[in-house]
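Undergrad: Sequence and predicted structure, then a few things I'm wondering about:
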Amino acid sequence: MLKKSFITLAMLTAVTGCNSTGPNVCSASSRIELPDSSHMVKGTASTKVVIFEPDLKVDTSTAKSITASFDQSLRKQINKTGSQIVDRSLAKKLKPELEIAEASGRYSSEGVPIADFAIFTDIGVAHFSREFKGAHVAYDPIEDKRVRVAPACHFEAKIEASTRAVSLPDMITMDQIEFAGDTTYSYDTSNSRCPISQDQINSMIANAAKYSVTRNDDLKNLLAPRASIVEMRQCDVGTMVRIDMGSNQGVEPEWEVDFISHEKVTNYAGEIEVETRGYGEGEVINNAEHGIKPNHSWVMIDSDMAGLVKRGDTVKVKFEDTCNSMSIFASLCHKTSESLSETFSF
């Protein structure tokens with residue numbers, strides 16, 4: 001029932017083109033004075049990222065299909081964070097220099113910084129398999145009886161890749177992210193050789209590469225933009241804060257964000273350092289016209305958070321695919337979503 005409702009809603013939205021409009025921004029007269037954070041932090045400008053084409057130790061048409069699909073999906077994911085991607089031609093020139101720098105741990109920081117992060121990817125597993133199953137009898141839990149299953153061919157493509165996000169110019173590996181994706185296909189036949197065209201194989205493997213990226217939120221969260229809180233307002237629609245990040249940084253309605261405070265403390269060695277603490281969550285207002293401007297936007301928060309917010313606190317975007325929040329059902333959710341996406345891609 002839930003799946004049918006979801007499909008129906010998706011089709012109605014596509015046909016009617018209807019979009020819900022969220023709450024309006026509270027007027028300036030509803031502004032609430034905020035105390036200043038003991039350590040003011042400015043929001044981050046757009047992060048610059050250089051992405052190198054994935055490495056795969058073979059040179060075939062299938063390999064090119066894999067690397068192209070993975071690279072394209074990676075770029076789409078990074079674009080969602082509002083990051084600026086360094087031009088491909090410049091990335092090709094930089095790769096040999098950065099590979100040497102990564103090995104030595106030293107990178108020249110002279111001149112204008114090219115990027116904040118470099119993304120290296122190794123595709124370790126690219127596997128395609130086929131299997132024929134003859135006619136047989138199996139138990140059908142829906143019909144609660146044993147049924148005859150027709151002979152069929154089953155195909156599976158799998159991709160596993162490892163991506164290193166390296167900060168520049170210090171060449172420190174910030175994170176190593178593991179990607180894994182797969183796709184399957186079957187058809188009824190009595191031909192045990194399971195014929196399939198090379199184009200179909202390339203398409204399956206390319207999709208597996210794409211899904212390996214789209215199923216993972218880690219890289220997006222590593223590059224997630226951060227903003228600073230500048231004011232708060234309260235009115236009949238609720239409590240909201242203004243942050244110094246907007247559409248220029250890719251902010252979208254209903255983005256989920258985490259709130260982080262900063263406090264200067266004296267550590268065990270008598271040195272001053274800054275401690276951070278997360279204290280709540282919020283959601284970018286669902287009003288793109290009035291609530292999201294080029295350099296600022298508004299975030300809705302619960303009223304009980306109002307007493308905790310300080311000017312200069314940090315708001316960090318939190319990316320989480322709906323399926324990834326479904327625990328043991330995440331895999332089924334991803335595959336259902338991907339199947340629907342392919343079906344309704346017109």
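TA: That came through, no problem.
Undergrad: correct me, but Asp302 touches Glu283?
TA: No. With contacts counted by Cβ atoms under 8 Å, Asp302 stays clear of Glu283, the gap being 10.1 Å. Where C-beta positions appear, they are placed from N, C-alpha and C, glycine not excepted.
Undergrad: For the longest helix seen in the chain, buried residues please.
TA: Longest helix in the chain, counting residues (DSSP state H): helix 61-79. For helix 61-79, burial by neighbour count (16 or more other Cβ atoms under 10 Å) applies to 62-63, 65-67, 69-71, 73-75, 77-78.
Undergrad: who's in contact with that helix?
TA: 49, 51, 53-54, 56, 85, 119, 121, 123, 126, 159, 161, 163, 179, 198, 201-203, 205-207, 209-210, 212-214, 219-220, 223, 250 (Cβ atoms under 8 Å, 6 or more residues apart in numbering).
Undergrad: List buried residues within those residues.
TA: Buried subset of these (neighbour count, 16+ other Cβ under 10 Å): 49, 51, 53-54, 56, 85, 119, 121, 123, 126, 159, 161, 163, 179, 201-203, 205-207, 209-210, 212-214, 219-220, 223, 250.
Undergrad: residues in contact with Ile51?
TA: With contacts taken as Cβ under 8 Å, 6+ apart, Ile51 has the following neighbours: Asp71, Leu74, Arg75, Ile78, Ile85, Val86, Ala91, Ile119.
Undergrad: and the fifth one, what pLDDT?
TA: Put plainly, it is Ile85. Note on Ile85: pLDDT of 90.
Undergrad: list the contacts for the nearest residue to it once chain neighbours are set aside?
TA: Distances taken as Cβ to Cβ, 6 or more residues apart in numbering place Val49 nearest to Ile85, at 5.6 Å, with adjacent residues excluded. Val49 makes contact with Ile78, Ser83, Gln84, Ile85, Val86, Ala115, Asp116, Phe117, Ala118, Ile119, Leu223 under the criterion Cβ under 8 Å, 6+ apart.
Undergrad: For Asp302 and Glu283, indicate the residue with more neighbours.
TA: Using other Cβ atoms under 10 Å, the more surrounded residue of Asp302 and Glu283 is Glu283, with 16 against 11.
Undergrad: hang on, the more buried one is in a strand, isn't it?
TA: Yes. Looking at Glu283 with DSSP: H, G, I helix; E, B strand; the rest coil, it is inside a strand.
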